[in-house]
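K.L.:
Based on what follows, work out the 3D shape:
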Amino acid sequence: MSPRALHNFLPFLRWFPLSAGGLRADALAGITVALILIPQSMAYAQLAGLPVVYGLYASFIPVIIASLWGSSNQLHTGPVAMLSLMSAAAVIPLAAQGSDAFIMLSVMLALMVGVLRLFLGVFKLGALVNLLSSPVIVGFTNAAALIIGLSQLNKVLGVPFPRTDSYLNDLMHVLLQVPQLHWMTLLFAAAAWILIDVLKRYRPKLPGILIAVLLGTLVSALIGFEKKTDISPTQIADASYLEQVQEFEALKARIASFTTELTDNNQKINEAEVRNAIDDQARLLARNLVVQTSLEQDKSARNALYLKLYSMPLYADESSDMSTDSIVLHTSEAEAGDDVYSWRFQDVEEGRVLLSGGGNVVGTIPEGLPSLAVPEIHPEFILALLPSALVMALIGFMEATSISKAIASVTGERVDTSRELIGQGLANIAGSFFSSYTVSGSFSRSAVAANSGAKSGIFAIISALAVVLVLLFFTEYLYHLPQAVLAVIVMMAVFSLIRVRPLLHAWKFDRVGALVGLMTFIATLVLAPDIASGILIGIALTVLHYLIQTMRPRAEIVSRKLDGTIGGMRAHKLTPLSERFVPVRFDGSLTFINVAYFEDAILEAKSSFPNAKAILVICSGINEIDASGEEKLHEVSARLAQGGVTLFFSGLKHQVMRNLERSGLVSDLGTDKFFPDKETALELLEQRFSGALPPVVDEHLPEPRNRPLLRPRPFPGHY
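P.N.:
Next up, the predicted model:
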């Protein structure tokens with residue numbers, strides 16, 4: 001194997017030979033990035049609807065694989081806010097958040113994203129990202145940043161965030177609970193925000209995020225921030241409250257049953273499709289429709305009931321030992337006595353009512369490294385996850401390449417986008433075998449690595465090894481970490497992504513593009529949590545805008561301006577060159593999509609100048625012509641000739657002229673109808689129709705033809 005082929009297969013060989021100075025720089029950068037990676041990964045895992053430990057899993061194997069097989073020495077891969085939210089949004093409709101099925105589908109989604117990225121990289125299809133125009137990207141990013149940031153608001157306030165199919169409706173429920181906020185939770189969030197911001201401004205070299213995490217965890221443990229207990233339902237004195245708790249438990253059981261039935265039915269539908277059992281498929285699909293409707297109704301009822309139970313605290317004597325089953329809780333403070341302590345409803349599990357009297361913390365984090373396991377593949381969910389997987393693959397690729405190119409502009413490093421796709425794809429595929437959810441390149445961590453002097457991808461491997469140490473030895477110390485602190489980390493990271501200036505700038509010269517960006521922003525907000533559909537709408541609008549532009553290119557009658565140049569007659573309010581001939585500029589390739597518009601433009605020019613005997617088509621803007629375009633030229637020329645009008649052409653590109661010669665159109669119309677450039681054509685037509693030249697005697701008047709397109713013709717040679 002040649003050295004070049006070996007480096008293509010093992011791109012990390014470019015790191016060698018290593019120098020002592022380079023290793024020191026990578027070690028410092030790796031440790032610095034790890035101080036950000038560890039708290040960020042836990043925060044982003046919660047954003048993905050997963051236990052925090054899965055953020056640490058995603059910061060281990062994927063980081064190493066992406067570093068080894070990527071093309072950028074400073075790009076750091078791992079959990080990121082955007083894909084974390086998109087992962088949750090894709091899986092929430094298919095499984096209960098926090099359940100084993102939810103975790104399994106999140107890992108399966110990572111595998112799908114990895115396979116798609118690997119496919120795009122191997123076949124060098126990264127150009128698909130060009131479907132994402134700049135206004136669409138800005139509109140989507142702004143909306144997603146708002147959605148991500150505001151989705152953490154409940155953790156800052158210490159109130160529930162019901163999850164339904166309408167993010168805006170859920171957010172409204174959070175805002176309505178502001179009077180019930182937990183003041184200590186809000187204090188933790190505010191303190192963390194101020195601390196991180198102050199350190200970033202005045203001591204940027206200090207790891208502000210890690211310091212906030214450590215101090216928050218320490219203070220939380222010292223003051224007993226988390227207060228949780230579980231009781232028997234019989235300890236609740238209020239019969240109405242108890243009845244609602246039992247109803248909540250029944251709804252939970254129904255939702256779990258419906259979810260399981262949907263999963264089983266989807267598998268049976270796939271099996272019936274293999275057997276070609278159409279009747280079984282129809283019956284199962286009809287049943288799924290009923291189950292899905294009932295499931296959504298029960299979810300809505302559960303969320304409403306949860307908010308109602310949460311808003312009614314239970315009171316007990318403050319001195320009571322909540323670890324026993326001897327006390328009775330009341331919904332009235334007066335009934336509980338003078339010295340009382342309030343508890344709020346959290347959940348019902350295995351017949352016990354879970355209550356909280358403090359703030360939410362991370363809780364128990366499993367110790368140890370993720371085990372190697374083949375990710376479960378459920379074919380019935382592939383089609384449901386595929387649109388989100390494709391959008392996540394493109395969004396992640398766009399993030400990774402834009403970060404790499406931004407860093408490369410400073411370092412002078414060459415970025416291979418196909419290689420980066422392969423590295424990102426392999427990272428997600430390998431990560432899915434170690435319980436990782438979807439990962440991508442991180443702008444913040446990559447920027448820190450570059451600023452810290454990272455020389456090679458070894459810095460990323462060092463940061464991953466730091467995560468290994470945390471998983472092996474330090475998870476128990478993170479138990480008391482307030483979730484409000486993690487929420488602040490997410491909010492501060494994503495709110496910095498909001499940009500309004502690019503859309504305002506686009507409005508100045510491309511209002512349609514700016515409107516598409518604005519519509520993408522609105523669609524993403526309205527359709528949240530299904531934000532993948534928002535960017536798909538943006539892509540569809542972009543493509544539609546392009547098609548409309550292609551279908552209706554600029555076509556206008558031109559004349560001479562005062563300086564002698566050619567310009568649009570209407571746009572510049574010019575007088576016609578002549579009443580006897582009409583020059584028309586057509587700026588667009590002449591293909592099947594716009595031939596009708598071309599015909600309308602020529603016929604409109606003829607109707608505007610009824611005395612014209614010639615129409616000149618200025619073709620310098622025509623870069624391509626297909627069979628439909630060639631046929632339309634013949635038809636329009638024949639139609640004009642019947643009215644005594646001759647069609648001329650000027651400035652045809654070489655490849656277009658050659659195709660017209662091959663098709664026989666040039667010989668049909670006559671070579672004297674084709675001019676090399678518009679000035680020559682205008683000069684000759686002005687002379688001819690002013691009497692300086694004899695009138696045209698057209699011996700090549702085209703006749704309507706009933707012949708196959710592109711019939712063989714003798715090659716007539718060039719003009």
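K.L.:
Domain map for the protein?
P.N.:
The chain is divided into the following domains under automatic domain parsing: 18-219+366-498, 230-356, 512-549, 553-689.
K.L.:
Let's have those domains in JSON lines, adding mean pLDDT.
P.N.:
Listed next are these as JSON lines, based on pLDDT from 0 to 100:
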{"stretch": "domain 18-219+366-498", "mean pLDDT": "89"}
{"stretch": "domain 230-356", "mean pLDDT": "84"}
{"stretch": "domain 512-549", "mean pLDDT": "89"}
{"stretch": "domain 553-689", "mean pLDDT": "91"}
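K.L.:
Figure out which of those is closest to Phe9.
P.N.:
domain 18-219+366-498 (9.4 Å; Cβ to Cβ). C-beta here means a position set from N, CA and C on the backbone, and glycine is covered the same way.
K.L.:
Can you give me the end-to-end span of the closest one?
P.N.:
Chord length of domain 18-219+366-498, first to last residue, is 40 Å (Cα to Cα, to the nearest Å).
K.L.:
Identify the single longest helix in this protein, thanks.
P.N.:
Longest helix of the chain, by residue count under DSSP state H: helix 239-275.
K.L.:
Go through this structure and flag its longest strand.
P.N.:
In the chain, taking DSSP state E as the definition, the longest strand is strand 340-349.
K.L.:
circling back to that earlier point, nearest approach to Phe12 belongs to which of the domains of the chain?
P.N.:
Phe12 lies closest to domain 18-219+366-498 among the domains of the chain, at 4.5 Å (Cβ to Cβ).
K.L.:
Quick one: the helices in the stretch 51-200 of the chain, in order.
P.N.:
With helices called from DSSP state H, counting those that start in this stretch, the stretch 51-200 of the chain shows them at 53-57, 61-69, 81-91, 100-122, 134-150, 153-157, 167-176, 183-202.
K.L.:
Pull the residues that contact stretch 539-552.
P.N.:
131-133, 136, 512-513, 516, 519-520, 588-589, 591, 593-594, 597 (Cβ atoms under 8 Å, 6 or more residues apart in numbering).
K.L.:
Now with 10 Å, please.
P.N.:
When contacts are defined by Cβ atoms under 10 Å, 6 or more residues apart in numbering, stretch 539-552 is touched by residues 130-133, 135-136, 140, 391, 394, 510, 512-513, 515-517, 519-520, 523, 588-589, 591, 593-597, 600-601.
K.L.:
How about stretch 19-31?
P.N.:
15, 18, 37, 73-74, 76, 207, 448-466.
K.L.:
give me that answer again for 7 Å
P.N.:
Ala449, Ser452, Gly453, Ala454, Lys455, Ser456, Ile458, Phe459, Ala460, Ile462, Ser463, Ala466 (Cβ atoms under 7 Å, 6 or more residues apart in numbering).
K.L.:
ok now do the nearest residue to Asp347 once chain neighbours are set aside, which residues does it touch?
P.N.:
With sequence-adjacent residues excluded and distances taken as Cβ to Cβ, 6 or more residues apart in numbering, Asp347 is closest to Leu354, at 4.5 Å. By Cβ under 7 Å, 6+ apart, the contact list for Leu354 reads Lys228, Asp230, Gln346, Asp347, Val348.
K.L.:
Once you drop chain neighbours, what's closest to the third one?
P.N.:
Counting by Cβ to Cβ, 6+ apart, Leu354 is the residue found nearest to Gln346 once chain neighbours are left out, at 4.2 Å.
K.L.:
For my notes, confirm that neighbour occurs in a strand.
P.N.:
Yes: looking at Leu354 with DSSP: H, G, I helix; E, B strand; the rest coil, it is inside a strand.
K.L.:
separation between it and Lys227?
P.N.:
12 Å (Cβ to Cβ, to the nearest Å).
K.L.:
Could I get the full set of strands for the chain?
P.N.:
Going by DSSP E, the chain shows strands at 76-78, 228-231, 314-317, 340-349, 352-356, 440-442, 554-560, 566-568, 581-587, 614-618, 646-650, 674-675.
K.L.:
Return the most buried member of those.
P.N.:
Burial of the strands of the chain is given as mean neighbour count (mean count of other Cβ atoms under 10 Å); strand 76-78 ranks first at a mean of 31.
K.L.:
Need the contact partners of that strand.
P.N.:
Contacts for strand 76-78 (Cβ under 7 Å, 6+ apart): 33, 37, 41, 58-59, 62-63, 66, 424, 427, 439-442, 445-446, 449, 460, 463.
K.L.:
just the buried members of the residues you listed?
P.N.:
33, 37, 41, 58-59, 62-63, 66, 424, 427, 439-442, 445-446, 449, 460, 463 (16 or more other Cβ atoms under 10 Å).
K.L.:
re the thing from before, nearest to Leu633 among the helices of the stretch 51-200 of the chain would be which one?
P.N.:
Nearest to Leu633, of all the helices of the stretch 51-200 of the chain, is helix 134-150, at 36.0 Å by Cβ to Cβ.
K.L.:
got the angle for the closest one vs helix 167-176?
P.N.:
40 degrees (axes from the mean of the first three to the mean of the last three Cα atoms, to 10 degrees).
K.L.:
Quick one: work out the angle between helix 134-150 and helix 81-91.
P.N.:
Using the same axes, to 10 degrees: helix 134-150 against helix 81-91 is 80 degrees.
K.L.:
Just give the closest residue to Leu118, not the sequence neighbours.
P.N.:
Using Cβ to Cβ, 6+ apart and skipping residues adjacent in sequence, the residue nearest Leu118 is Gly425, 3.1 Å away.
K.L.:
Serialize the strands of the chain to a markdown table and add fields for distance to Val636.
P.N.:
Listed next are the strands of the chain as a markdown table, based on distance: least, Cβ to Cβ, whole Å:
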| stretch | distance to Val636 |
| --- | --- |
| strand 76-78 | 57 |
| strand 228-231 | 80 |
| strand 314-317 | 83 |
| strand 340-349 | 74 |
| strand 352-356 | 77 |
| strand 440-442 | 52 |
| strand 554-560 | 13 |
| strand 566-568 | 21 |
| strand 581-587 | 11 |
| strand 614-618 | 9 |
| strand 646-650 | 7 |
| strand 674-675 | 15 |
